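In: Generate coordinates for the sequence data below:
(4 chains)
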2 protein chains.
Amino acid sequence: MRSVTSAGSPPRDRRRRRSEILDAAAELFAARGFHGVSIEEIGGAVGTSGPALYRHFSGKEALLAEILLEVSERLHTSAARRVTEAPDAERALESLLTGQIEFALGHPSLITVHDRELGNVPEPARRRIRRLQRLYLEEWVTVLSELYPSCPPPRLRAATHAVFGLLNSTPHSAGEVPARAMAGLLRGMARAALAALQDTAHSQEES
Amino acid sequence: MRSVTSAGSPPRDRRRRRSEILDAAAELFAARGFHGVSIEEIGGAVGTSGPALYRHFSGKEALLAEILLEVSERLHTSAARRVTEAPDAERALESLLTGQIEFALGHPSLITVHDRELGNVPEPARRRIRRLQRLYLEEWVTVLSELYPSCPPPRLRAATHAVFGLLNSTPHSAGEVPARAMAGLLRGMARAALAALQDTAHSQEES
DNA sequence: AGAAGATGTTAGTCATCGTTAACACCGGGC
DNA sequence: GCCCGGTGTTAACGATGACTAACATCTTCT
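Out: Modelled structure (predicted):
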């Protein structure tokens, strides 16, 4: 029987342990890839040894799936909130940038895992993650299509991916520049890159 | 005994087979990661089965090492040539952008492998690859520091990584936009992002 | 106190994989 | 015509790793 919560969420200790495991796993996956990390190592990273993890997760793939689901959910709901709360498209874009930059600077290994390891997630969860990623992208595209109405959506999607690539470069330039300065740099570059959508909107032909 | 070339390079058939294998391996590594691909699969991708690859490479890690070495060498020598041949820094940057964009659009899987799998390369080759990557980066930083002399080098390095992230987003937005338009889009965004280095050079404090 | 459940341990299993061994074919130079 | 280097085959081996089983411990509720 449940003790204090009659039918609610599991006790706090269990939740903490779970997220501790997830954090350690994410770090290791980011460093050496999903298949490059063993269950034994993940266990070791949280002080237990190997198969203890099966008390908390059904398997290695479930670990990865939960990491990616959590990340893409968090990104999407945060973006949706930011967009609806912003008074106009300009401010919405500013807020989206802030959110993505904070996340990229604060959790570089989650960023890394997020766009590297989707291929290793088994099929039921894969679709949900893909969907959330698409929704996140569409938040950006919606805002951008309001700011740059002359730009066709496929172009906006490609541009958004490019901005993600720019912002998510943080794992590569780790510690070259203090975090606050890095945030300002990334924001400035991203804004400028997006502003270029206006000028180049029709220049599809080059020599 | 060698037949036609007394001491030169190996016969053309052998070279072709080698690069055929390397191409297939790169494609597979990009799709599922180094540890996610078996020797048997790589063999299957080139019509042979499994251990035949050992006639051409000393092992799986050697495959990866050669892929990364080739890519980083190609990027670096191409960049060095472009910089020395350019009449001024402005033109040099333009040429560097062209080279990186061509490569990112033409070989997305090599781009993917290049910045994901360095950690799986064994130590002797790893250092050489790192060195080439650093040299490639420094070509950019040298040019940029001439164009933006007020910007400190660490900031330029971070900005360059950001531009790489932007340009290397091609694997994510595959086929959303025709290649020529994509090239123009990426060039415009990258140029604008770099131009922002002038304005934001001193704005390190934000609310 | 004692039963129950949660959480950990170690030992074992089964599959997969990188690598090697032993053998077959094949084409060109004596 | 025969040998030989190059290239492929299949079979085996050894290691690793995900996962399960069986057992221990500790907390907690009655």
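In: CA atoms for contacts and neighbours, from now on please.
Out: Will do.
In: Does whatever helix or strand residue A:94 lives in reach chain B?
Out: For residue A:94, the host element (DSSP states H and E) is helix A:89-106. No. Using C-alpha under 8 Å from any C-alpha of the partner chain, helix A:89-106 stays clear of chain B, coming no nearer than 11.4 Å.
In: Distance from the chain centre to that helix, please.
Out: Averaging C-alpha positions (C-alpha atoms, centre = their mean, to the nearest Å) puts helix A:89-106 12 Å from its chain's average.
In: do the same with stretch A:71-86
Out: From the chain centre to the centre of stretch A:71-86 is a distance of 11 Å (C-alpha atoms, centre = their mean).
In: mind listing the helices for chain A?
Out: Applying DSSP state H to chain A gives helices spanning A:12-32, A:39-45, A:60-85, A:89-106, A:108-116, A:123-147, A:153-167, A:179-199.
In: Adding mean pLDDT, distance to residue B:48 and mean neighbour count, write these out as JSON lines.
Out: Formatted as JSON lines, the helices of chain A follow (pLDDT from 0 to 100; distance: least, C-alpha to C-alpha, whole Å; neighbours: other C-alpha atoms under 10 Å in any protein chain shown):
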{"stretch": "helix A:12-32", "mean pLDDT": "94", "distance to residue B:48": "29", "mean neighbour count": "17"}
{"stretch": "helix A:39-45", "mean pLDDT": "97", "distance to residue B:48": "33", "mean neighbour count": "17"}
{"stretch": "helix A:60-85", "mean pLDDT": "97", "distance to residue B:48": "31", "mean neighbour count": "18"}
{"stretch": "helix A:89-106", "mean pLDDT": "97", "distance to residue B:48": "43", "mean neighbour count": "18"}
{"stretch": "helix A:108-116", "mean pLDDT": "95", "distance to residue B:48": "29", "mean neighbour count": "20"}
{"stretch": "helix A:123-147", "mean pLDDT": "97", "distance to residue B:48": "30", "mean neighbour count": "17"}
{"stretch": "helix A:153-167", "mean pLDDT": "97", "distance to residue B:48": "37", "mean neighbour count": "23"}
{"stretch": "helix A:179-199", "mean pLDDT": "95", "distance to residue B:48": "46", "mean neighbour count": "21"}
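In: just so I know, which of those helices lies nearest residue B:16?
Out: helix A:108-116 (30.5 Å; C-alpha to C-alpha).
In: now for that closest one, which elements pack on it?
Out: On a contact count with 3 or more C-alpha pairs under 8 Å, 6 or more residues apart in numbering or on different chains; DSSP states H and E, helix A:108-116 meets helix A:12-32, helix A:60-85.
In: So for chain B, which of these sits nearest?
Out: Across these, chain B has its closest neighbour in helix A:12-32 (6.6 Å, C-alpha to the nearest C-alpha).
In: Name the residues that touch the closest one?
Out: Helix A:12-32 is contacted by residues A:36-37, A:42-43, A:45-46, A:53, A:56, A:63-64, A:66-67, A:109-110, A:112-113, B:119-120 when judged by C-alpha atoms under 8 Å, 6 or more residues apart in numbering or on different chains.
In: Considering only the residues you listed, which also neighbour DNA strand C?
Out: With C-alpha under 7 Å from any atom of the strand as the criterion, the contacts of helix A:12-32 include A:53, A:56 near DNA strand C.
In: show me the contacts for residue A:156.
Out: A:141, A:144, A:145.
In: rerun at 6 Å
Out: Listed by C-alpha atoms under 6 Å, 6 or more residues apart in numbering or on different chains, residue A:156 has no contact partners.
In: Against DNA strand C, how distant is it?
Out: Using C-alpha to the nearest atom of the strand, to the nearest Å, residue A:156 is found at 39 Å from DNA strand C.
In: got it, and residue A:146?
Out: For residue A:146, the distance to DNA strand C equals 47 Å [C-alpha to the nearest atom of the strand].
In: on that earlier part again, out of the helices and strands packed on helix A:108-116, flag the one nearest residue B:165.
Out: helix A:12-32 (16.9 Å).
In: relative to helix A:60-85, how tilted is the closest one?
Out: Helix A:12-32 and helix A:60-85 meet at an angle of 100 degrees, taking axes from the mean of the first three to the mean of the last three C-alpha atoms, to 10 degrees as the criterion.
In: right, is helix A:12-32 up against DNA strand D?
Out: No. In terms of C-alpha under 7 Å from any atom of the strand, no part of helix A:12-32 sits within range of DNA strand D; the closest distance is 10.1 Å.
In: Could you check that helix against DNA strand C for contacts?
Out: Yes. Interface with DNA strand C: helix A:12-32 contributes A:13, A:14, A:17 (C-alpha under 7 Å from any atom of the strand).
In: ok, so of those residues, who is nearest DNA strand C?
Out: Among those, residue A:14 lies closest to DNA strand C (C-alpha to the nearest atom of the strand), at 4.4 Å.
In: separation between the closest one and residue A:56?
Out: 8 Å (C-alpha to C-alpha, to the nearest Å).
In: and chain A, which of its residues are near DNA strand C?
Out: Residues of chain A lying close to DNA strand C by C-alpha under 7 Å from any atom of the strand are A:1, A:13-14, A:17, A:47-53, A:55-56.
In: Filter the residues you listed down to just the ones in strands.
Out: Nothing among the residues of chain A next to DNA strand C maps onto strands, per DSSP state E.
In: before we move on, the earlier item: make CSV out of the residues of helix A:12-32 next to DNA strand C and add distance to residue B:194.
Out: Output for the residues of helix A:12-32 next to DNA strand C, formatted as CSV (distance: C-alpha to C-alpha, whole Å):
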residue, distance to residue B:194
A:13, 48
A:14, 47
A:17, 44
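In: ok, these vs DNA strand D, which is closest?
Out: Of all these, residue A:13 has the smallest distance to DNA strand D: 10.1 Å, by C-alpha to the nearest atom of the strand.
In: related to what we said a few turns ago, neighbour-wise, which one of the residues of chain A next to DNA strand C leads?
Out: Counting neighbours by other C-alpha atoms under 10 Å in any protein chain shown, the top entry in these is residue A:53, with 21 neighbours.
In: Give me the spatial nearest neighbour of that one, chain neighbours excluded.
Out: Nearest non-adjacent residue to residue A:53, counting by C-alpha to C-alpha, 6 or more residues apart in numbering or on different chains: residue A:43, 6.5 Å away.
In: Done for today, thanks.
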